[in-house]
Every structure is written in structure tokens, then in C-alpha cells.
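Visitor: How does the following fold in three dimensions:
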Amino acid sequence: MKPFSESCAQNQHVILEVLRKELASAQHVLEIGSGTGQHAVFFARALPHLIWQTSDMDKQHPGIHAWISDEGPDNVRAPLSLNVETDHWPDITFDAVFSANTVHIMGWPEVLKMFSGIGQILANGGRFCLYGPFNVEGKFTSESNARFEQWLKSQNPKSGIRDQAELDQLAENAGLSRIATHVMPTNNHILVWEKTHAD
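Guide: You can find the predicted model right below:
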């Protein structure tokens with residue numbers, strides 16, 4: 001039986017509308033933290049011009065394989081083993097990277113390594129689209145996000161909603177600059193950075 005995430009089912013349509021625009025010229029996208037595999041199958045089917053490369057830690061691979069096997073179109077690829085903190089990044093250049101609901105789950109050292117790794121594998125002119133809740137100028141954008149952070153930290157004290165400016169600094173260190181901010185439902189955003197120079 002395939003794993004199922006209700007939040008993936010709820011947000012995939014609105015995320016797709018942003019990706020249609022931001023990844024219109026992309027050809028090869030790496031998804032970091034493919035989770036259940038639902039997003040990968042849905043986006044790959046809707047964006048047939050892309051090769052959609054899934055990745056996650058090994059424990060997530062059976063679920064991703066199940067989704068790809070049952071419903072995956074030809075342009076979605078089996079998951080790479082990627083733990084942003086410990087693994088070597090793939091020796092492949094991508095012209096786009098997508099990740100959803102990852103940086104608030106990771107500890108801050110992992111977030112640093114994730115941005116550094118993206119800087120290594122993203123081609124010049126390539127885009128990184130990151131979906132999730134974010135703080136602005138050190139403040140929560142909603143009471144629900146404040147409550148969500150309390151819950152996150154009860155599960156893992158290293159987790160937490162990240163501030164947009166702090167992520168921008170990590171992106172800059174990796175050779176990326178923010179080019180777009182998309183407001184999404186339920187107090188989420190998609191932040192888009194573009195690779196402008198070698199890190």
C-alpha cells in the first residue's frame with residue numbers, strides 16, 4: 001500500500017501553478033525530500049517537458065518506488081539516496097531544484113549544507129523553488145505558524161520555521177539570488193532563487 005500525505009494532496013495544485021511558470025524553461029529538476037513520492041508523480045505528469053529526479057533518505061525509498069511503479073509517468077526517475085547532512089551530492093548538474101516542507105524539519109546545520117549542496121549541483125541560470133512556512137524579519141506571519149513551530153520543537157528541538165532573510169544569506173553564499181516570492185494558501189510561500197554565479 002502506498003504512503004499517503006493529506007497535505008501533499010491539498011497543496012499540489014497550487015504549487016503546480018507556480019512551477020508551470022518558474023520551471024517553464026527547465027529540463028532536469030532534482031526534488032530534495034521527495035517524501036511519499038506523491039508530489040513527484042503529480043508534477044512529472046503535469047510537466048512533461050521535465051525529467052523529475054526524486055531523492056530522499058533511504059527509508060523513504062520504498063514509498064517513492066511504490067508511487068512511481070503504480071502511477072509514475074516516463075519522465076519521473078527512481079530516487080537517489082540523499083541525506084543532505086552526510087551524503088555526497090550527486091555528480092550531476094540540474095537546471096532546477098524543488099523542495100517542499102523540508103527546511104523547517106531539518107536542523108539549521110542541515111539547512112546550511114542543503115543550500116551549499118544546491119549551489120554545487122545547480123547550473124548557472126537554474127532555479128531553486130522552496131515551498132513551506134517562513135518567518136519575515138524574525139516574526140511569524142500568522143498565529144497558526146507560531147503554534148506550528150511550538151509543535152515542531154516538541155518533536156525535535158532543532159526544527160523550526162526559518163526566516164526568509166537568513167535563507168537569502170545562505171543562498172547568496174551558494175551563488176543564488178532570490179528572484180520571486182509567491183504567497184500560497186495556509187500561510188505558506190514559495191521562495192525562488194536563481195543561480196547567478198559560482199559559489
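
Visitor: mind listing what's buried in the lengthiest helix in the chain?
Guide: Determined from DSSP state H, the single longest helix within the chain is helix 6-22. Buried residues in helix 6-22, counted by 16 or more other Cβ atoms under 10 Å: 8, 11-12, 15, 18-19, 22. C-beta coordinates here come from the backbone N, C-alpha and C atoms, glycine included.

Visitor: Can you tell me which one of the residues you listed sits lowest on pLDDT?
Guide: Lowest pLDDT among the buried residues of helix 6-22: Cys8, with 83.

Visitor: Quick one: mean pLDDT for stretch 110-122?
Guide: pLDDT averaged over stretch 110-122 gives 96.

Visitor: which residues sit against it?
Guide: Residues from elsewhere that reach stretch 110-122 (Cβ atoms under 8 Å, 6 or more residues apart in numbering): 30, 32, 84-85, 89-90, 92-97, 99, 102-103, 106, 128, 162, 167, 170-171, 173-176, 195, 199.

Visitor: Sitting in helices, which of the residues you listed do you find?
Guide: When those are checked against helices (DSSP H), the matches are 167, 170-171, 173.

Visitor: before we move on, back to that, format the buried residues of helix 6-22 as JSON lines; extra columns: distance to Val183.
Guide: Listed next are these as JSON lines, based on distance: Cβ to Cβ, whole Å:
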{"residue": "Cys8", "distance to Val183": "20"}
{"residue": "Asn11", "distance to Val183": "13"}
{"residue": "Gln12", "distance to Val183": "17"}
{"residue": "Ile15", "distance to Val183": "13"}
{"residue": "Val18", "distance to Val183": "10"}
{"residue": "Leu19", "distance to Val183": "15"}
{"residue": "Glu22", "distance to Val183": "14"}
